[in-house]
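Engineer: I'd like to go over a predicted model; first the sequence, then the structure.
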Amino acid sequence: MKFIWISLVLCGVACSSTSAQPSKAMTPSDVVATVGSTSITLAEVDEKALQQSATAFGSVRLAQALYEARRFAIDEIVANTLMDREAKTRGIERSALVEKEIADKVAPVGDAEVAAWYQVNQNRVQGAPLDQVRAPIRAYLIQQRMEDARQAYIDTLKAKTPVKISLDPPRLTVSGTGPSKGDTKAPIQMIEFSDFQCPFCLRAQPTVEQVLKTYGDRIHFVYRHYPLPSHPGAKPAAEASACANEQGKFWPYHDRLFEQPGKLSDADLKKSAADLGLDTARFNSCVDSHKYKDQVEADMKDGNDVGVDGTPAFFINGRMLSGAQPFEAFKKIIDEELSRQR
């Protein structure tokens, strides 16, 4: 169910372009999770994880793909262990428990819901007519509801039985230099490599704001430039935003560029600065001289060095998250990082 989008031939969540720190060496007997007093070893996890197709993880690096496969396997083993315990307590089979607590609570998907999803996501089915994709959309929505109901039920079981995940994720060393928000000593550092002409970066902005609002002073957020070669307006916009930063107006300028997608001509960039009350003579001179060209290119090099090949790309305490992911994807990593520091 995790990879149902593949069967719908959906589009990606990042604009694309063309060194992981080694995790602690682990042996098959190492415990990577516990459910109450029950231990789960790496050998048990790999028996399930290594059966997954590498294509399920897209173009991520091998270390990240292996971690994702193992983590998915851990989550499945933990869920099954919890349900087996609950089923034993009730004196029923796990299948009966799933039927009662999950399947029976999933509402059917009506034609109107299928049509509504189709209207919002036509680009994700590559323009196929509704009649052609009605069945897979309905199947996706049902499976999504099943997964949501299953996760909600697993969460209630976790509230009764302590679960601890001790598998170390791969991390990358990323410099947190650039315009930022929040306390530099916050327990979470989130770095975004972004492109002002990337539609997926624009799509990600509300989620980023939701993350910052939700976690407040627990996050230090850093913006870094990664203008893609396929976006001719992105690099001039990045340089212009650095000129705005010189006058302490990076974030208003950043917001203005994303509020007016497509307005990235030289005249547009200068007008935005004037509208925001910047010293236009100083700003225009900065832009015309390409004062921050080297700084933008340094950001791009740093991005390349840690495996960025599209935008947006996020690093949360060194853990990479690619594309315009939903809030829940950020929340999962951030909550895990906060729990590790308790």
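Structural biologist: Structure's in. What do you need? Residues are numbered from 1 along each chain as shown.
Engineer: In which helix or strand does residue 39 reside?
Structural biologist: strand 38-41 (DSSP states H and E).
Engineer: residues in contact with residue 319?
Structural biologist: 169, 170, 171, 172, 333, 337 (Cβ atoms under 8 Å, 6 or more residues apart in numbering). Every residue, glycine included, has its C-beta placed from N, CA and C.
Engineer: Which of the residues you listed sits closest to residue 230?
Structural biologist: Residue 230 lies nearest to residue 172 out of the contacts of residue 319, by Cβ to Cβ, at 24.3 Å.
Engineer: State the distance from residue 289 to residue 240.
Structural biologist: For residue 289, the distance to residue 240 equals 12 Å [Cβ to Cβ, to the nearest Å].
Engineer: neighbour count winner among the two?
Structural biologist: residue 240 (25 against 11; other Cβ atoms under 10 Å).
Engineer: how about the nearest residue to that one once chain neighbours are set aside, what does it touch?
Structural biologist: Excluding its sequence neighbours, the residue lying closest to residue 240 (Cβ to Cβ, 6 or more residues apart in numbering) is residue 269, at 4.2 Å. Neighbouring residues of residue 269 by Cβ under 8 Å, 6+ apart: 236, 237, 240, 287.
Engineer: Adding secondary structure, write the residues you listed out as JSON lines.
Structural biologist: Shown next, in JSON lines, are the contacts of residue 269 (DSSP: H, G, I helix; E, B strand; the rest coil):
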{"residue": "236", "secondary structure": "helix"}
{"residue": "237", "secondary structure": "helix"}
{"residue": "240", "secondary structure": "helix"}
{"residue": "287", "secondary structure": "helix"}
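Engineer: Go ahead and build a ChimeraX selection from the buried members of the residues you listed.
Structural biologist: Buried subset of those, written as a ChimeraX selection, criterion 16 or more other Cβ atoms under 10 Å:
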select :236,237,240,287
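Engineer: Tell me who's in contact with the closest residue to residue 314 other than its chain neighbours.
Structural biologist: With sequence-adjacent residues excluded and distances taken as Cβ to Cβ, 6+ apart, residue 314 is closest to residue 321, at 4.4 Å. Residue 321 sits next to 313, 314, 315, 329, 330, 333 when contact means Cβ under 8 Å, 6+ apart.
Engineer: Out of those residues, give me the one that has the most neighbours.
Structural biologist: Neighbour max across the contacts of residue 321 (other Cβ under 10 Å) = residue 314, 27 neighbours.
Engineer: Contact partners for it?
Structural biologist: With Cβ under 8 Å, 6+ apart, residue 314 has these contacts: 190, 191, 192, 193, 320, 321, 322, 325, 330.
Engineer: Now intersect those with the helices, please.
Structural biologist: Judged by DSSP state H, the subset of the contacts of residue 314 located in helices is residue 330.
Engineer: Narrow the contacts of residue 314 to those that are buried.
Structural biologist: For the contacts of residue 314, a burial check counting by 16+ other Cβ under 10 Å picks out 190, 191, 192, 193, 320, 321, 322, 325, 330.
Engineer: Tell me the one among these nearest to residue 139.
Structural biologist: Distance to residue 139 across the buried ones among the contacts of residue 314 (Cβ to Cβ) is lowest for residue 325, with 22.7 Å.
Engineer: So that closest one versus residue 14, what's the distance?
Structural biologist: In terms of Cβ to Cβ, residue 325 sits 9 Å off from residue 14.
Engineer: Also residue 82?
Structural biologist: Computed with Cβ to Cβ, the distance linking residue 82 and residue 14 is 34 Å.
Engineer: Could you pull out the strands in the stretch 201-342 of the chain for me?
Structural biologist: All strands of the stretch 201-342 of the chain, identified by DSSP state E, counting those that start in this stretch, fall at 219-225, 310-311, 313-316, 319-322.
Engineer: where along this protein do the helices fall?
Structural biologist: Using DSSP H, helices in the chain cover 4-7, 42-49, 62-90, 94-101, 111-120, 130-158, 199-215, 234-246, 250-259, 266-275, 280-288, 293-305, 327-340.
Engineer: what's near enough to touch the closest residue to residue 30 other than its chain neighbours?
Structural biologist: The shortest distance from residue 30 to any non-neighbouring residue, by Cβ to Cβ, 6+ apart, is to residue 42 (4.9 Å). Contact analysis of residue 42 by Cβ under 8 Å, 6+ apart lists 26, 27, 28, 29, 30, 31, 32, 70, 167.
Engineer: And the furthest pair within those residues?
Structural biologist: Spanning the widest gap among the contacts of residue 42 are 29 and 70, at 15.0 Å by Cβ to Cβ.
Engineer: Just want to know which of these two has more residues nearby.
Structural biologist: In this view residue 29 and residue 70 are compared by other Cβ under 10 Å, and residue 70 has more residues nearby, 22 against 9.
Engineer: Kindly confirm whether my reading is correct that the more buried one touches residue 167.
Structural biologist: Yes - if you go by Cβ atoms under 8 Å, residue 70 and residue 167 touch, sitting 6.0 Å apart.
Engineer: Which residues are in contact with each of those two?
Structural biologist: Common neighbours of residue 70 and residue 167 (Cβ under 8 Å, 6+ apart) are 32, 42, 45.
Engineer: Now these in JSON lines, please, with extra columns for pLDDT.
Structural biologist: JSON lines is the format used below for the shared contacts of residue 70 and residue 167 (pLDDT from 0 to 100):
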{"residue": "32", "pLDDT": "94"}
{"residue": "42", "pLDDT": "94"}
{"residue": "45", "pLDDT": "94"}
